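**Q** Predicted coordinates and the sequence they were generated for:
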Amino acid sequence: MEKINEFIDNNRQRFLDELFGLIQIPSISSLTENKPDMIRAAEYWKNLIFKAGADRAIVMQSEGNPVVYGEKIINPDLPTVLVYGHYDVMPVDPIELWESPPFEPIIKNGKIYARGADDDKGQAYMHAKAFEFMVTNNNLPCNIKFMIEGEEEIGSPSLEKFCNENKELLKCDIILVSDTGMIAQDIPSVTVGLRGLAYMEVELTGPNRDLHSGIFGGAVANPANMLTKIIASLTDENNKITIPGFYDDVIELTTEERADFARAPFDLTKYKESLDLVDICGEKGYTTIERTGIRPSLDVNGIWSGYTGEGAKTVLPAKATAKISMRLVPNQEHHKISELFEKHLNSIVPEGVRITVKDLHGGAAYVAPTNTHAYKAASKAYEKTFGKIPVPTRSGGSIPVIAMFEKVLGAKSILMGFGLESDAIHSPNENFPLFNLYKGIETIPWFYHYYCKK
């Protein structure tokens, strides 16, 4: 185990070459024109796993994008760890804000800049190299399986059926995931909670075509005006969500629980400076980390209507559309929230426009206990490589499949994230520090060491 740093030092350039080859594949799962790239990325991952030492690595079909499966079974009586990751990435819009082409990775200021550098190609890649180290040095202490999918960024719509159909193949004792973050490079953390998600699309339709805003303005309902009024009404003056029944299943944390949650280091001044914020904003009565960790939220993710090109075009648009996400907390059921959202919007739609509400995808929240053997193994691994006991944190993000894994596969997940808030995942100029990449490769084998050391 002590040879891990030597292994990293001797292979740094090869690691970057391999990772860059993966990143260069524009595997955007939400765009149909990128379908061939999904297959290319899956094949690339299959080869990565096989070359790292797997006895078996295959690309398996699902109802959507393919799933890569790999395994090395050294002894059926030993524990089995299932590594989960995803090879799909978010779209790159707005492309003009990227300082370098999103699928041409570069290293600048000690960071890899590219779409997928962190989420999740860089973080998933760490597991392949940790696995390679253990196989190469003949110190793999248990069985390992890999499941790398291509639909996480669109809600993993095909994965639950895939897992149900392949339960025996995916049978494991624990699921290991790196798709989350840590507080800072000198403050390691283990994510023990994820918010759920309900993702909706709303379209308002008015006249049968775009109209002249002078001839018709004031006489015909403007879908863009009406949509903005609807959106504005979804939160009140205290930034609390106004959808009836939205908070019915939210479990309020006790004063003691909130105090424990507040132990996580957080510098509000640095937070605002890093985002160039004039001030913070959110639900009244809660701190910033509570708003992103233990409270639900509602946000417009995109909105469009009418003329948005250069110069002026005086039109009254025929349609207006918005994509809206709601982050949910444990005990909130995303199907129920989606239904409440649709019912509420249908009840408040203004006269003169028609509304269509679509439920695009969603997933459940997840909370993991900190007293399990697997959590303690992860904690010891971070302590070994960082010299500090990691802080358990709840993430504001969502990984819908984590709760599904426990339901379908009967296994809990350990979320060993190495990303940083400054990595700009889902945004232009996504990046991943080389320090974090190599630290992940160093830390992960220690998890296996402690997990198998009963």
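**A** Good, I have the coordinates.
**Q** how does the chain divide into domains?
**A** Following automatic domain parsing, one gets these domains for the chain: 4-194+365-451, 202-250+296-360.
**Q** so which of these is the most packed in?
**A** Neighbour counts (mean count of other Cβ atoms under 10 Å) averaged over each of the domains of the chain peak at domain 4-194+365-451, with a mean of 20. Where C-beta positions appear, they are placed from N, C-alpha and C, glycine not excepted.
**Q** distance between the ends of stretch 149-157?
**A** 11 Å (Cα to Cα, to the nearest Å).
**Q** out of the domains of the chain, nearest to Lys270?
**A** Of all the domains of the chain, it is domain 4-194+365-451 that lies closest to Lys270, at 9.7 Å by Cβ to Cβ.
**Q** returning to what we had before: export the domains of the chain as TSV, with columns for mean pLDDT.
**A** Output for these, formatted as TSV (pLDDT from 0 to 100):
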stretch	mean pLDDT
domain 4-194+365-451	97
domain 202-250+296-360	97
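**Q** Tell me which of those domains lies nearest to Ile280.
**A** Short answer: domain 202-250+296-360, nearest of the domains of the chain by Cβ to Cβ, at 10.7 Å.
**Q** where exactly do the strands run in the stretch 51-200 of the chain?
**A** Along the stretch 51-200 of the chain, counting by DSSP state E, counting those that start in this stretch, strands occupy 56-60, 67-72, 80-86, 106-108, 111-113, 143-149, 174-177, 189-194, 196-205.
**Q** For Ala365, find the nearest of those strands.
**A** strand 196-205 (3.7 Å).
**Q** Describe which strands that closest one pairs with in its sheet and in which direction.
**A** strand 319-328 (antiparallel), strand 354-363 (antiparallel) (DSSP bridges).
**Q** and the domains of the chain as a markdown table, adding distance to Tyr271?
**A** Listed next are the domains of the chain as a markdown table, based on distance: least, Cβ to Cβ, whole Å:
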| stretch | distance to Tyr271 |
| --- | --- |
| domain 4-194+365-451 | 8 |
| domain 202-250+296-360 | 16 |
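**Q** closest one to Glu283 among those domains?
**A** Per Cβ to Cβ, nearest to Glu283 of the domains of the chain: domain 202-250+296-360, 4.8 Å.
**Q** Show the residue spans covered by the strands in the stretch 201-350 of the chain.
**A** Under DSSP E, counting those that start in this stretch, the stretch 201-350 of the chain gives strands at 211-212, 297-305, 315-316, 319-328.
**Q** Which of the ones you listed sits closest to Tyr84?
**A** When the strands of the stretch 201-350 of the chain are compared by Cβ to Cβ, strand 319-328 sits nearest Tyr84, at 20.9 Å.
**Q** which residue packs closest to Tyr44, ignoring adjacent ones?
**A** Leu22 (5.5 Å; Cβ to Cβ, 6 or more residues apart in numbering).
**Q** go on, Met60?
**A** Val67 (4.9 Å).
**Q** ok, the closest residue to Glu421 other than its chain neighbours - contacts?
**A** Excluding its sequence neighbours, the residue lying closest to Glu421 (Cβ to Cβ, 6+ apart) is Gly181, at 6.4 Å. Applying Cβ atoms under 8 Å, 6 or more residues apart in numbering to Gly181 gives the contacts Ser189, Thr191, Ser395, Gly417, Phe418, Gly419, Leu420, Glu421, Asp423.
**Q** residues touching Tyr247, list them.
**A** Counting by Cβ under 8 Å, 6+ apart, Tyr247 has contacts Ile241, Pro296.
**Q** how does it look with 7 Å?
**A** Counting by Cβ atoms under 7 Å, 6 or more residues apart in numbering, Tyr247 makes contact with nothing.
**Q** What's the separation between it and Tyr87?
**A** 37 Å (Cβ to Cβ, to the nearest Å).
**Q** ditto for Leu211
**A** 45 Å.
**Q** picking that back up, reformat the strands of the stretch 201-350 of the chain as CSV; add distance to Phe162.
**A** Output for the strands of the stretch 201-350 of the chain, formatted as CSV (distance: least, Cβ to Cβ, whole Å):
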stretch, distance to Phe162
strand 211-212, 48
strand 297-305, 27
strand 315-316, 46
strand 319-328, 24
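**Q** ok, now how distant is the nearest residue to Asp173 once chain neighbours are set aside from Ile174?
**A** Leaving aside its chain neighbours, Asp173 sits nearest to Pro79 (4.5 Å; criterion: Cβ to Cβ, 6+ apart). Distance, Pro79 to Ile174, using Cβ to Cβ: 7 Å.
**Q** Show me where the stretch 351-454 of the chain has its helices.
**A** 373-386, 401-409, 434-451 (DSSP state H, counting those that start in this stretch).
**Q** now these in a markdown table, with distance to Glu339?
**A** Shown next, in a markdown table, are the helices of the stretch 351-454 of the chain (distance: least, Cβ to Cβ, whole Å):
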| stretch | distance to Glu339 |
| --- | --- |
| helix 373-386 | 35 |
| helix 401-409 | 19 |
| helix 434-451 | 40 |
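**Q** Give me the contacts around the single longest helix found in the chain.
**A** Taking DSSP state H as the assignment, the helix of the chain that covers the most residues is helix 4-23. Around helix 4-23, the neighbours that count as contacts under Cβ under 7 Å, 6+ apart are 41, 44, 48, 103, 105, 114, 116-117, 121-122, 125, 129, 133, 438, 441-442, 445.
**Q** What of stretch 208-222?
**A** With Cβ under 7 Å, 6+ apart, stretch 208-222 has contacts from Gly206, Pro207, Thr314, Val315, Leu316, Pro317, Ala318, Pro350, Glu351, Gly352, Val353.
**Q** let's go with 10 Å and repeat that
**A** With contacts defined as Cβ atoms under 10 Å, 6 or more residues apart in numbering, stretch 208-222 is touched by 204, 206-207, 225, 228, 305-307, 313-320, 350-353.
**Q** can I assume Asp120 is in contact with Val83?
**A** No - using Cβ atoms under 10 Å, Asp120 makes no contact with Val83, being 11.5 Å away.
**Q** residue contacts, Met182?
**A** 188-191, 382, 386, 390-391, 393, 416-421, 436, 439-440.
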